[in-house]
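Asker: need a structure here:
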Amino acid sequence: MNRRVATITLNPAYDLVGLLPEIDKGEVNLVKTAGLHAAGKGINVAKVLKNLGIDVTVGGFLGKENQDGFQKAFGDTGIANRFQIVEGRTRINVKLTEKTGSVTDFNFSGFEVTKADWQRFVTDSLSWAGQFDMICVSGSVPQGVDLDDFTKWMQRLRNECMCVIFDSSREALVAGLKASPWLVKPNHRELEIWAGRPLPTHKDIIEAANQLRNQGIAHVVISLGEEGAMWVNSSGAWFAKPPKCEVISTVGAGDSMVGGLIYGLMMRQTSEHTLRLATAVSALAVSQPNVGVTDRTQLARMMARIDLQPFAAE
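Answerer: Numbers count the residues shown, from 1 in each chain. Okay, here's the model as predicted:
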């Protein structure tokens, strides 16, 4: 069976990842470069899926002035490319990890999408969306894209592909949730912001997740950082906790989790097995400077170390 997934990253970025003992504000900081990657949330998801053997296509917008790094990355990895090219430059995000494991992000602005750019993207993406078993929409919305237009596109995308996975934050998260995607993956803080209240316990998290499910969202996965993740769906709720890992960079850890979730779902695995896999992929991601699964044996060993516990669905 040929399983096909597309990931859409409307606002990709070059990720410049660095390591330093601690940030000394107002002073010159010497930073060890851990990597410069053509990235963005959906592109990170695609890298994980490609490593795991899934045919994957990527789409979204790229700035004309500095697209070469992305084009080379897609060519080198064999990822099919449906990105739309727009005037301007794709943004650069600087990710600095201190020895404590704390990560500070500096996300710069990039290209602006015109109305004509957006309409061209909508027409193109909806023309091929029905070819895929799952479509993952990840990340922020670039300058120039109206959030109501984004919601309408998400709704039309859902009509073309039943299994839309969505991972975003802030205003884009709220706009995308209105389209009732099939699966969403907020982190703990994002779920609290959406719910409008603190969610200090697992029971509180499950209650908020079920509020989303009542809006027509089948699966809600909440990433909890080093504490792991929770998955709430119609058959129950599970909590997965990884072992303590040495942190090189948390960049792409959530995206790696999404990649693991999609892989498990595509392989028709149980929710428990899929959450264990996704949590293991995410745990491995923090111990390396870039996303991806390079050693399946290492992944299997990490899966065996994940503590998985069921909860009764509310």
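
Asker: What are the boundaries of the strands in the protein?
Answerer: All strands of the chain, identified by DSSP state E, fall at 4-9, 13-20, 32-39, 55-63, 80-86, 91-98, 103-107, 134-138, 164-167, 183-184, 219-223, 229-233, 236-241, 307-311.

Asker: buried ones in the third one?
Answerer: Neighbour counts over strand 32-39 (16 or more other CB atoms under 10 Å) mark 34-35, 37-39 as buried. Placement of C-beta: from N, CA and C, glycine included.

Asker: And stretch 52-59, by the same measure?
Answerer: 52, 54-59.

Asker: So which of these is the closest to Val286?
Answerer: Here the nearest of the buried residues of stretch 52-59 to Val286, counting by CB to CB, is Leu52; it sits at 18.1 Å.

Asker: Could you check how far the closest one is from Ala34?
Answerer: Distance of Leu52 to Ala34, given as CB to CB, to the nearest Å: 23 Å.

Asker: shaky segments in the protein?
Answerer: For the chain, the stretches with pLDDT under 70 are 1-2, 245-251, 288-290, 292, 312-314.

Asker: Taking the centroid of it, which residue is nearest it?
Answerer: By CA atoms, centre = their mean, the chain has its centre lying nearest to Asp255, at 3.3 Å.

Asker: What ranges does the protein have for its helices?
Answerer: 41-51, 68-77, 115-128, 147-160, 170-177, 188-195, 202-213, 253-266, 271-285, 296-304 (DSSP state H).

Asker: of those helices, which approaches Gly101 most closely?
Answerer: Comparing those under CB to CB, the one sitting nearest is helix 253-266, at 11.6 Å.

Asker: and the angle for that closest one with strand 134-138?
Answerer: Angle between the axes of helix 253-266 and strand 134-138 is 170 degrees (criterion: axes from the mean of the first three to the mean of the last three CA atoms, to 10 degrees).

Asker: who's in contact with helix 253-266?
Answerer: 3, 5, 41-42, 44-49, 52, 54, 133-134, 136, 138, 163, 165, 167, 183, 185, 187, 221, 223, 229, 273-275, 277-282, 284-286, 291 (CB atoms under 8 Å, 6 or more residues apart in numbering).

Asker: May I have it exported as PDB, CA atoms only?
Answerer: Extracted C-alpha coordinates of helix 253-266, given in PDB (Å, rounded to 0.1, in the frame of the first residue of the first chain):
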ATOM      1  CA  ALA A 253      10.900  18.200  19.300                       C
ATOM      2  CA  GLY A 254       7.200  18.900  18.900                       C
ATOM      3  CA  ASP A 255       7.500  18.600  15.100                       C
ATOM      4  CA  SER A 256       9.200  15.200  15.600                       C
ATOM      5  CA  MET A 257       6.300  14.100  17.800                       C
ATOM      6  CA  VAL A 258       3.900  15.100  15.100                       C
ATOM      7  CA  GLY A 259       5.900  13.000  12.600                       C
ATOM      8  CA  GLY A 260       5.800  10.000  14.900                       C
ATOM      9  CA  LEU A 261       2.100  10.400  15.400                       C
ATOM     10  CA  ILE A 262       1.500  10.500  11.600                       C
ATOM     11  CA  TYR A 263       3.700   7.500  11.100                       C
ATOM     12  CA  GLY A 264       1.900   5.400  13.700                       C
ATOM     13  CA  LEU A 265      -1.500   6.400  12.400                       C
ATOM     14  CA  MET A 266      -0.500   5.600   8.800                       C
END
